[in-house]
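>>> Sequence and predicted structure are below.
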Amino acid sequence: MKKLLSTKMGFFAIAVLLFWIKTYFIYKLEFNLGVSGTMQEFLLFLNPLSTGLLVLGLALFASGRKAGVWIIVLDILLAFILYANVVFYRFNSDFITIATMMQTSNFSSLGGSIASLVEWRDILYAFDLILLVVLYWKNRTNWSMERLKLRKPLIVLMAGVMAFVINLGLAEIDRPQLLERTFDRNYLVKYLGTYNFMVYDAIQSFETSTQRVLADSSDITEVDNYTKSKYAEPNEAYFGKGEGKNIIKIHLESFQSFLIDFELHGEEVTPFLNSLVNDQNQGFTYFDNFFHQTEQGKTADAELIMDTSLYGLPQGSAFVTRGKNTYQALPAIMEQEQGYTSGVFHGDGKSFWNRDEVYKHLGINDFYYDIFYDMSPDRVINYGLKDKPFFEESMPLLEEMEQPFYAHMMTLTHHHPYLIDEEDATIAPAETGDGSVDRYFQTARYLDESLEQFFNDLKESGLYEDSIIMIYGDHYGISDNHNRAMSEILGEEITSLKNAELQRVPFMIKVPGVEGQGTNHTYSGQIDVMPTLLHILGIDARDYILFGTDMFSEDHKDYVPFRNGGYMTEEYSLVNGIYYDNETKEVIEEPTEEMEELSETVLHELELSDRVLNGDLLRYYTPNDEWEPIDPTDYDYNYKLEDSEEEE
């Protein structure tokens, strides 16, 4: 060992070996990659090698002892990238992309959430770096001051390229068209590793950034033909029944459907929401097979999907990376077709998820953010204003809106890591030992109570009876990194299929003058909300580029695509590339032609939606003769509020 350390090449070999071993063990300990079979396990083990050789090998071009310093510096950089993915994955069950790194404006609000994801054992991930520094310090004097002959670092880099080529070749054998069908980042990391994935993602990001420049008016034709072929005729019992009615859309942050009718310690966690679901006299229709379809954009994806019937992007958030696109969104359509005003209510800063810019392109008239609310420290927790004061202070703003209006109320308290003040907790936490899961039920109860308060205020104001009320969950709250605790909560193993089933989020709607259906079992997703609401208002969805279909229509397309290319139907599902029978929960070893054709349809639909966003194709589409494109300069959310008390 001493002889090995006395040379730069020996030190380099040890650095590569430590990097290789650490990366593989982190893959196994931190990421749920769905590795199955000897080949996939071998590729998971192999893929860090090419990165180690190529990146650390660059240091060998340095002269003298600087080579050792550069090996350590580059190793620290690689360790930082890997650990950042570890922390990101613990909450998102996903990997960092170029697009997510562009969302740095959001990071200042994530402090508490990130801190909760860091664990004491993580310090062990720096052990190899500390060891390298010690070994370098003790042995550097034995190193030659001369630069290595060029042949040696070139051989190392060639070996790195060869390792990657072998890795990619074996991956393509095990998973054909791996790089062509890249909706699922888990597959790419499993086969190629986090570092190679990030290089691939950078290339993809560059390619998509050029799509807008190269796009022309002919590109929208295929999209238009597809959405027209998918169109579902409206249900006469609902078409036009909500015309002229106010619309109040209530966003339940991180709320999953398993909470409905769920009991903890013998108590209902969400008694008020349960009453809306179970008491048909309340007038609501509850879709119990409604799924979120978000990806890395999470809440921003949900907003985009529900107001445009376009899917979010496979990487990052379209609100951030495609915020200046041309859109034909619900707020603008309702204003131009029926004279609606629109407003978003949110107890946080205006720039989170680039909302203060993208809302202009969606045609949203007013944006009520933190300056409209009392943000005293005792009223704020986690990501912003607590839900109870948020709803309370929103009421006078809501009453002042010109009717008919479209109001989007965004709650915040029920958000990871689910912090709650002691005086606000009215149910004891769960007892799994997983803090996020245990507190999840307390903040859900708080949200439920705040919602009941808001309904009472709406009724007292006279707005309730004359308003369409929609309630929806934006995305999951408990990721599959908490499967052990969730298994304890639900009393069953959390398999891949079960995790997909847990992506159900609530969607319920009340239309004045229309009797609620109670529970509707139709399979649907967020992509279907916009055409459904348009038909309720009496606006034909056929005119617009929409990928969803009316949930009340007999022609509704009841398959639910997920952003990673999987899907869910009533009878069967495609999860992580595996088909399942929904009734028996068994793997379908020989999928039918219908199943495989539906898979191709889902992938084609996602691809078309991506083309619309990446190419900004709606700039080439005119829905009807009366349509006027949105001019974002017509909107300004930089309000100057006067404080009358201070003036007095």
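Yes, it's here. Residues are numbered from 1 along each chain as shown.
>>> Just say helix, strand or coil for residue 171.
Here residue 171 is recorded as helix under DSSP: H, G, I helix; E, B strand; the rest coil.
>>> same question, residue 343
Of the three states, residue 343 takes strand under three-state DSSP.
>>> Contacts only, for it.
Residues near residue 343 by C-beta atoms under 8 Å, 6 or more residues apart in numbering: 364-368, 397, 401, 405-408. C-beta: built from backbone N, CA, C; applies to glycine.
>>> try 7 Å
Each residue near residue 343 by C-beta atoms under 7 Å, 6 or more residues apart in numbering is listed here: 364-368, 401, 405, 407.
>>> do you know how far it is from residue 355?
12 Å (C-beta to C-beta, to the nearest Å).
>>> again, but for residue 608
Distance of residue 608 to residue 355, computed by C-beta to C-beta: 26 Å.
>>> what about these two, which has more around it?
Legend: neighbour count by other C-beta atoms under 10 Å for residue 608 and residue 355, higher for residue 355 (25 against 21).
>>> For the more buried one, give me the pLDDT.
On pLDDT, residue 355 comes in at 91.
>>> Can you name the residues in contact with the helix or strand hosting it?
Following DSSP states H and E, one finds residue 355 within helix 355-362. Residues outside helix 355-362 that contact it (C-beta under 7 Å, 6+ apart) are 307, 319, 323-325, 327, 329, 331-332, 344, 350, 367, 630, 632, 635, 637.
>>> List every C-alpha atom in it, with coordinates, as PDB.
What follows is helix 355-362, C-alpha atoms only, in PDB (Å, rounded to 0.1, in the frame of the first residue of the first chain):
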ATOM      1  CA  ARG A 355     -46.000  32.700 -10.700                       C
ATOM      2  CA  ASP A 356     -45.800  36.500 -11.000                       C
ATOM      3  CA  GLU A 357     -44.700  36.100 -14.600                       C
ATOM      4  CA  VAL A 358     -46.400  33.000 -15.800                       C
ATOM      5  CA  TYR A 359     -49.800  34.100 -14.500                       C
ATOM      6  CA  LYS A 360     -49.700  37.000 -16.900                       C
ATOM      7  CA  HIS A 361     -49.400  34.500 -19.800                       C
ATOM      8  CA  LEU A 362     -52.400  32.500 -18.400                       C
END
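>>> Give the next helix or strand downstream of that helix.
Where DSSP H and E defines the elements, the next helix or strand beyond helix 355-362 is strand 366-368.
>>> Could you report the pLDDT at the residue lying closest to residue 243 once chain neighbours are set aside?
In this structure, residue 243 finds its nearest non-sequential neighbour in residue 538, 4.5 Å apart by C-beta to C-beta, 6 or more residues apart in numbering. With respect to pLDDT, residue 538 scores 97.
>>> Residue 538 touches residue 236, doesn't it?
No. The pair residue 538 / residue 236 is not scored as a contact, 11.2 Å apart, by C-beta atoms under 7 Å.
>>> more neighbours, those two?
A direct count of neighbours by other C-beta under 10 Å for residue 538 and residue 236 places residue 538 higher, at 16 against 10.
>>> which two from the contacts of residue 343 end up farthest apart in space?
Using C-beta to C-beta, the two most remote members of the contacts of residue 343 are 367 and 405, lying 13.5 Å apart.
>>> where do the helices sit along the stretch 351-500 of the chain?
355-362, 387-400, 435-461, 483-490, 496-501 (DSSP state H, counting those that start in this stretch).
>>> Show me what the helix or strand just after the shortest one pairs with in its sheet, parallel or antiparallel.
Right, the one you point to is helix 496-501. For helix 496-501, the following helix or strand on the C-terminal side (DSSP H and E) is strand 507-510. When pairing is defined by DSSP bridges, strand 507-510 lines up against strand 284-291 (antiparallel), strand 467-473 (antiparallel).
>>> and the last one with helix 435-461, angle?
With axes from the mean of the first three to the mean of the last three C-alpha atoms, to 10 degrees as the basis, strand 467-473 and helix 435-461 are set at 180 degrees to each other.
>>> Now strand 467-473: average pLDDT?
Averaged over strand 467-473, pLDDT sits at 98.
>>> Could you list the domains of the protein?
The chain breaks down into these domains under automatic domain parsing: 2-211, 222-634.
>>> which sections of the chain are below the confidence cut-off?
Along the chain, the parts satisfying pLDDT under 70 run over 1-6, 92, 99-114, 177, 180-184, 208, 640-648.
>>> Tell me how far the closest residue to residue 263 other than its chain neighbours lies from residue 277.
If the residues on either side of it in the chain are set aside, residue 263 comes closest to residue 269, at 7.0 Å by C-beta to C-beta, 6+ apart. For residue 269, the distance to residue 277 equals 13 Å [C-beta to C-beta].
>>> cool, residue 187 as well?
Counting by C-beta to C-beta, the gap from residue 187 to residue 277 is 37 Å.
>>> before we move on, what about residue 349?
On the measure of C-beta to C-beta, residue 349 and residue 277 end up 33 Å apart.
>>> Comparing those two, which residue is more hemmed in?
Between residue 349 and residue 277, counted using other C-beta under 10 Å, the more crowded position is residue 277 (21 against 18).
>>> quick one: contacts for the nearest residue to the more buried one once chain neighbours are set aside?
In space, and not counting its chain neighbours, residue 277 is closest to residue 286: 4.6 Å by C-beta to C-beta, 6+ apart. Taking C-beta under 7 Å, 6+ apart as the contact definition, residue 286 lies against 277, 508, 519-520.
>>> Residue 286 pairs with what?
Bridge pairing for residue 286 - DSSP bridges - gives residue 508, residue 519.
>>> which among the contacts of residue 343 gets closest to residue 19?
Closest to residue 19, out of all of those and judged by C-beta to C-beta, is residue 367, at 47.1 Å.
>>> For the closest one, give the beta-bridge partners.
residue 344.
>>> Distance check, it against residue 359.
6 Å.
>>> Do me a favour and get the end-to-end distance for stretch 169-187?
Length of stretch 169-187, first residue to last, C-alpha to C-alpha, to the nearest Å: 15 Å.
>>> Can you give the distance from stretch 148-168 to the centre of its chain?
Distance of stretch 148-168 from the chain centroid (C-alpha atoms, centre = their mean, to the nearest Å) equals 38 Å.
>>> Could you do stretch 133-140 as well?
In terms of C-alpha atoms, centre = their mean, the gap separating the centre of stretch 133-140 from the centre of its chain is 44 Å.
>>> buried sites along that stretch?
Residues 135-136, 139-140 are the ones in stretch 133-140 that count as buried (16 or more other C-beta atoms under 10 Å).
>>> could I get it in CSV with only the CA atoms?
Coordinates of the C-alpha atoms in stretch 133-140 are reproduced here as CSV (Å, rounded to 0.1, in the frame of the first residue of the first chain):
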residue,chain,number,x,y,z
VAL,A,133,-6.9,14.1,2.1
VAL,A,134,-5.0,12.3,4.9
LEU,A,135,-3.4,9.9,2.4
TYR,A,136,-2.4,12.8,0.2
TRP,A,137,-1.0,14.8,3.0
LYS,A,138,1.1,11.9,4.3
ASN,A,139,2.5,10.8,0.9
ARG,A,140,2.7,13.9,-1.3
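>>> can you list the residues that contact stretch 250-265?
269-270, 273-274, 277, 288, 408-412, 414-416, 427-428, 430, 441, 444, 447, 451, 470-478, 502, 504-506.
>>> let me redo that: stretch 25-34
Under C-beta under 7 Å, 6+ apart, the answer for stretch 25-34 is 44, 82, 86, 89, 125, 186, 189-190, 480, 496, 576.
>>> Give me the buried entries from those residues.
Buried members of those, scored by 16+ other C-beta under 10 Å, are 44, 82, 86, 89, 125, 186, 189-190, 496, 576.
>>> Give me the packing partners of the helix or strand hosting residue 210, helices and strands only.
Per DSSP H and E: residue 210 is located in helix 194-214. If contacts are counted by 3 or more C-beta pairs under 7 Å, 6 or more residues apart in numbering; DSSP states H and E, helix 194-214 sits against helix 37-51, helix 66-92, helix 98-101, helix 185-192, helix 593-615.
>>> winner for burial among these?
helix 185-192 (a mean of 23; mean count of other C-beta atoms under 10 Å).
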